[in-house]
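K.L.:
Model the following, please.
(chains A and B)
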Amino acid sequence: MTRMDNVIEVNGLVKSFGTFRAVDGISFEVQRGEVFGILGPNGAGKTTALECVEGLQQPTSGTASVLGMDTQREVRRVKERIGVQLQASGYFDYLTLTEILELFGRFYPRRLAPGELLAKVGLQEKARSTVGKLSGGQKQRFSIAATLVNDPEVVFLDEPTTGLDPQARRNLWELVEQVHAEGRTVVLTTHYMEEAEVLCQRVAVMDRGVIVALDSPLNLVRRLPSPYRIRLQSRSPLPMEGLRALPTVREVARGGDGTYLLQAGDAASTVSALVEWARAHEVSFEQLEVKPATLDEVFLALTGRQLRD
Amino acid sequence: MAVWHLFVANLKMIARDKQALFWALVFPLIFVVVFGLFRLDQPSSAKLTVVDQSQDRVSLALVEGLKGAGVLEIDQSRDLASAREDLAKGQISFVLVIPPGMAQTVAGGATVREPVSLVLLYDQAHVMTIRVQSIVRGVVDRANLLLADAPSFLALTGEPVQARQIRYFDFLLPGFVGMGVMIYAVVGMATILASYRQEKILKRVLATPLSVGKFFVGLVLAHVVLALVQAGIILGAGVLLFHGHVYGNLFWVAVLVMLGNIVFLSLGFIVGSFAESSQAANGIGNAVTMPMMFFSGVFFSSDSLPAVMRVVVKYLPLTPLLEALRGVALDAKPLWDFPTQIAILLAWVAVTAVVAVRVFRFS
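P.N.:
Okay, here's the model as predicted:
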């Protein structure tokens, strides 16, 4: 059943290399206008899954369709309407940015002008430079410009911010938001949970070739047994048992500087009980901070392993 | 249309790649200049030292005869021992010893039983040895006839028929064309392919609707044009700067350059598919081309190789290319005079194309 607002449908996708199943039967849909994230550690199968959807690799079994077209049987028509940014791919060394965009545009029936594309990513001044003269962040921005050369409806970004410094990463996030705001559907892979939280409406968490969870970042966090983190600081030492006895609190940890970190199932009831408990025991807090858990912790809870490299 | 734009873009990339231009143009030009500056052909004269122990009218007439023969520069010496010594040291190459008593012997007329022995001492290694010997023998024979007052029944007039004199440098020029086309096509294509794969440019192109075939057609066309420019510059420099000669039809030369270029690009493609990096591709490419450069007859005819090697070398792609190039450029023969060479080249095109398609990989 194809729903009109699904631009991507993946069903039971498997990709094996010999006996190794890089993608081991995944299914998901991406809706029009969505920013969809595939989150997972290196080697989880994110890139392979993405390349099967883009028509760059042939799945061993299962199907993928983009804009209602099968990515195997109608691969050329699919490629005409999508934009693909590969993880860390290069461009011709001896052509200027304008020349590269001009050339790539010729591969498509429909194309945007190089000047317009460079303006979108803020690289007008570099129009006559070669890729080798760009900084890491500029290279990634140029690579997004090249992805938009055919004015695509769906844009695939494979780890767009890997290896960038925090400032360049934030710039690129703004750019992704802008691409999204132009009405394009964006599918990106990342192993930075913060990136997925900031950019994505929905996230598929992948590990060892399978999707272990798929939901909005907020819902993924809410599904944790203790989705809230309460941090407090006190001058005098606090009894750990007293904190542990508070409602919905599952774990208490003591940090340096008299800080305590509580994992709680519910923010409101725990905080009010905490305040009452403090008043009754005549202790005071320097600081009280309530935050939701992160996707990092979601990943840890789902797989028992850390998301980091 | 995409192929045309790829072709133009590839030409631009080649023109901006200084390293590629060095290997394609400067490297073969260095050979043209070096070999153009040295005098590689047989010298047109040789020095003959005459030790005249007679010093009479007959011996003097003989020396005059030698001087009149052209080619020889005559140097007189009185001391046989020091002349022999100079010859042994290699300072001089030819010594003619005229024994004493020439006039007396000749005066004896018909009663002479034994001829006077003139001795030519020579350096066996000298390139002119055979010529000098024959000139001296000719002069001595003529002197005999004159002295015997014999009538001439036969006369020989030499008439040079072959207008073109092929010098060693002329022989080398087509060799440099073949060498330049080979090295750049193999090494250039191998490094380009390996770096495109390494930098994921191939995969990036695969993500567009462009067919892979069109991508490579654009790349190959640009390299074929470069090969023609290369051949033009090598031949142009040789002819204009160093007085080399190309006697044949340049159109056939161009056809051969393109055919050879396709074979070598295909070889480069195979090397580039196997090599893990562009540096490795460069090394393997050189390893493939160097033996051909030496054995396939760029500098010397491969006919001088041992028989077993000759059989192998005959089928290396550079050998038939150079044979056909020389035949067309130097002997002014038409292309169809080289069916074997062209068949070997076409076989290479077919085999390498099949292998290239099989070993090609995107990543």
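
K.L.:
Would you mind giving me the confidence score for the residue nearest the centre of chain A?
P.N.:
Centroid check for chain A by CA atoms, centre = their mean gives A:Ala196 as the closest residue, at 3.3 Å. On pLDDT, A:Ala196 comes in at 90.

K.L.:
Check the contact between it and A:Phe36; I expect there is one.
P.N.:
No: contact criterion CB atoms under 8 Å: A:Ala196 and A:Phe36 do not qualify, at 9.9 Å. In this view, the C-beta of every residue, glycine as well, is placed from N, C-alpha and C.

K.L.:
Identify the contacts common to these two.
P.N.:
The contact sets of A:Ala196 and A:Phe36 overlap at A:Val203 (CB atoms under 8 Å, 6 or more residues apart in numbering or on different chains).

K.L.:
hmm, back to that, tell me the contacts of the residue nearest to the centre of chain A?
P.N.:
A:37, A:39, A:190, A:203, A:217, A:295.

K.L.:
List just the nearest of the residues you listed to A:Pro237.
P.N.:
Set against A:Pro237, the nearest of these by CB to CB is A:Leu295 (32.8 Å).

K.L.:
give the contact list for the closest residue to chain B within the stretch 151-300 of chain A.
P.N.:
Nearest residue of the stretch 151-300 of chain A to chain B, counting by CB to the nearest CB: A:Phe156, 8.6 Å away. Applying CB under 8 Å, 6+ apart to A:Phe156 gives the contacts A:50, A:53-54, A:82-85, A:147, A:187-188.

K.L.:
got it, and B:Lys333?
P.N.:
Residues near B:Lys333 by CB under 8 Å, 6+ apart: B:248, B:327.

K.L.:
all helices for the stretch 51-200 of chain A, in order.
P.N.:
Ranges of helices in the stretch 51-200 of chain A, per DSSP state H, counting those that start in this stretch, are A:75-81, A:97-105, A:114-120, A:136-147, A:166-181, A:193-199.

K.L.:
So which of those is nearest B:Leu345?
P.N.:
Closest approach to B:Leu345 among the helices of the stretch 51-200 of chain A (CB to CB): helix A:97-105, 32.6 Å.

K.L.:
Show me what the closest one is packed up against.
P.N.:
Here helix A:97-105 touches helix A:114-120, helix A:136-147, helix B:2-16, going by 3 or more CB pairs under 8 Å, 6 or more residues apart in numbering or on different chains; DSSP states H and E.

K.L.:
What is the burial count for residue 262?
P.N.:
Looking at chain A here, since you left the chain open. A:Leu262: 23 surrounding residues under other CB atoms under 10 Å in any protein chain shown.

K.L.:
meant chain B actually
P.N.:
B:Ile262 has 21 neighbours, counted by other CB under 10 Å.

K.L.:
residues of the helix or strand containing it that come out buried?
P.N.:
Using DSSP states H and E, B:Ile262 sits within helix B:250-274. By neighbour count on 16 or more other CB atoms under 10 Å in any protein chain shown, the buried set for helix B:250-274 is B:252-253, B:256-257, B:259-273.

K.L.:
can you check stretch B:114-126 too?
P.N.:
B:116, B:118, B:121-123, B:126.

K.L.:
so which of those comes closest to chain A?
P.N.:
Nearest to chain A out of those is B:His126 (CB to the nearest CB; 53.5 Å).

K.L.:
List the contacts of that closest one.
P.N.:
Taking CB under 8 Å, 6+ apart, we find B:His126 in contact with B:46, B:93-94, B:132.

K.L.:
7 Å - rerun?
P.N.:
Neighbouring residues of B:His126 by CB atoms under 7 Å, 6 or more residues apart in numbering or on different chains: B:Ser93.

K.L.:
Also A:Val290?
P.N.:
A:Val290 makes contact with A:228, A:230, A:267, A:271 under the criterion CB under 7 Å, 6+ apart.

K.L.:
same deal with B:Ala148?
P.N.:
Applying CB under 7 Å, 6+ apart, no residues contact B:Ala148.

K.L.:
any chance of the contacts of A:Val290 in TSV, with secondary structure and pLDDT too?
P.N.:
Converted to TSV, these look like this (DSSP: H, G, I helix; E, B strand; the rest coil; pLDDT from 0 to 100):
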residue	secondary structure	pLDDT
A:Tyr228	strand	90
A:Ile230	strand	89
A:Ala267	helix	85
A:Val271	helix	89
